[in-house]
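A.B. asks: no sequence for this one, just the structure:
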């Protein structure tokens, strides 16, 4: 039996997520540090490492994930969605106190802010490393659309989520894009590719990309100095004038320099609140659970993992190691075309 989730709303409207793990060792990928209150914001981020293979800025470049013990994992399937749900030696994690009681999510950073390379979790490759997207044989870079340089947030995904292409959203009437749910982390720190951070969810934008549902979760790194003051999408609107509007415009126009039409949005481009965002996240988590239990789908998703008990694609640590070691050895970076720095006015 895999991890089950239960969403409860308290009388104050706060969302509480309780995870049950009948066999806690099945879904536990990494151990936690001791539950010392002042280490709470650090303890989950320090247990994942990355290992580069291939040549940066080339189609063979891959960034694989492993635990601090050196066990290779899939960031898509083996890193828990809910950061608070991790356990140490089958003992439930110590509950955080006061402001730390909010449900936190693990975010996998794919693209650091201000960079252009369209890095993403390779959902159709074993162990799902991060790679640079390729279209028509060329590496993809997002255009700099005035006044922005590359991505305007740390961009990434929530693990153990999946936007099912066979599920039609009741509000937008669009099906999922076959990827993990995307996250725009709006903190002040520029993160690194492959970094796993804890985030607090603030809201969500319903982007429709060429007819597919492509939710964009708005969140903030819990280590950010502003995290304690940002608890809702309205807080972002009040304290960061223009930021949400810039986010909509960025997503609306970022494909235009490539000859594509502007993207559309559900709800007239309005951001939905935190509770709505969490409902969407948990829905995509349930779709992911069904996916890994089945082990395959028509969209070519690779479900190889080391921790999901009921998954037919669960593999041994030796099999995972073989996947990584079969990839090209890490080498020198290839040059990047000066065209990547071009500014576009659209």
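C.D. replies: Structure received. A quick note: this is a predicted structure, and the numbers were derived from the prediction, not measured.
A.B. asks: CA only for contacts and neighbour counts going forward, please
C.D. replies: Will do.
A.B. asks: any stretches of the stretch 101-250 of the chain with poor pLDDT?
C.D. replies: By pLDDT under 70, the low-scoring segments of the stretch 101-250 of the chain are 101.
A.B. asks: can you list the residue ranges for helices in it?
C.D. replies: With helices called from DSSP state H, counting those that start in this stretch, the stretch 101-250 of the chain shows them at 233-239, 243-253.
A.B. asks: out of the ones you listed, which is closest to residue 275?
C.D. replies: helix 233-239 (10.5 Å; C-alpha to C-alpha).
A.B. asks: which stretches in the stretch 101-250 of the chain count as strands?
C.D. replies: Remark: strands assigned in the stretch 101-250 of the chain by DSSP state E, counting those that start in this stretch are 105-111, 119-121, 130-132, 134-135, 138-139, 144-145, 154-157, 175-176, 182-185, 196-209, 212-221.
A.B. asks: and among the helices of the stretch 101-250 of the chain, the most buried is which?
C.D. replies: helix 243-253 (a mean of 17; mean count of other C-alpha atoms under 10 Å).
A.B. asks: can you list contacts of that helix?
C.D. replies: Applying C-alpha atoms under 8 Å, 6 or more residues apart in numbering, the contact partners of helix 243-253 are 145, 152, 207, 236-237, 261-264, 269, 346.
A.B. asks: turn the strands of the stretch 101-250 of the chain into CSV, including distance to residue 242.
C.D. replies: Converted to CSV, these look like this (distance: least, C-alpha to C-alpha, whole Å):
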stretch, distance to residue 242
strand 105-111, 22
strand 119-121, 26
strand 130-132, 30
strand 134-135, 32
strand 138-139, 31
strand 144-145, 16
strand 154-157, 17
strand 175-176, 28
strand 182-185, 15
strand 196-209, 15
strand 212-221, 14
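A.B. asks: dump those into TSV; add mean neighbour count as well.
C.D. replies: Output for the strands of the stretch 101-250 of the chain, formatted as TSV (neighbours: other C-alpha atoms under 10 Å):
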stretch	mean neighbour count
strand 105-111	27
strand 119-121	26
strand 130-132	26
strand 134-135	11
strand 138-139	14
strand 144-145	22
strand 154-157	27
strand 175-176	21
strand 182-185	26
strand 196-209	24
strand 212-221	25
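A.B. asks: quick one: closest of these to residue 274.
C.D. replies: Closest approach to residue 274 among those (C-alpha to C-alpha): strand 196-209, 4.3 Å.
A.B. asks: run through the neighbouring helices and strands of that closest one.
C.D. replies: strand 105-111, strand 212-221, strand 264-265, helix 274-294 (3 or more C-alpha pairs under 8 Å, 6 or more residues apart in numbering; DSSP states H and E).
A.B. asks: so which of the ones you listed gets nearest residue 201?
C.D. replies: Once these are compared by C-alpha to C-alpha, strand 212-221 is nearest, at 4.4 Å.
A.B. asks: got the angle between the closest one and strand 105-111?
C.D. replies: 110 degrees (axes from the mean of the first three to the mean of the last three C-alpha atoms, to 10 degrees).
A.B. asks: how far off centre is strand 212-221?
C.D. replies: Centre-to-centre, strand 212-221 and its host chain are 9 Å apart (C-alpha atoms, centre = their mean, to the nearest Å).
A.B. asks: same check, this time on stretch 219-234
C.D. replies: Mean C-alpha position of stretch 219-234 versus that of the full chain (C-alpha atoms, centre = their mean) differs by 17 Å.
A.B. asks: hang on, the earlier thing: okay, the helices of the stretch 101-250 of the chain in TSV with distance to residue 193 next?
C.D. replies: Listed next are the helices of the stretch 101-250 of the chain as TSV, based on distance: least, C-alpha to C-alpha, whole Å:
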stretch	distance to residue 193
helix 233-239	25
helix 243-253	21
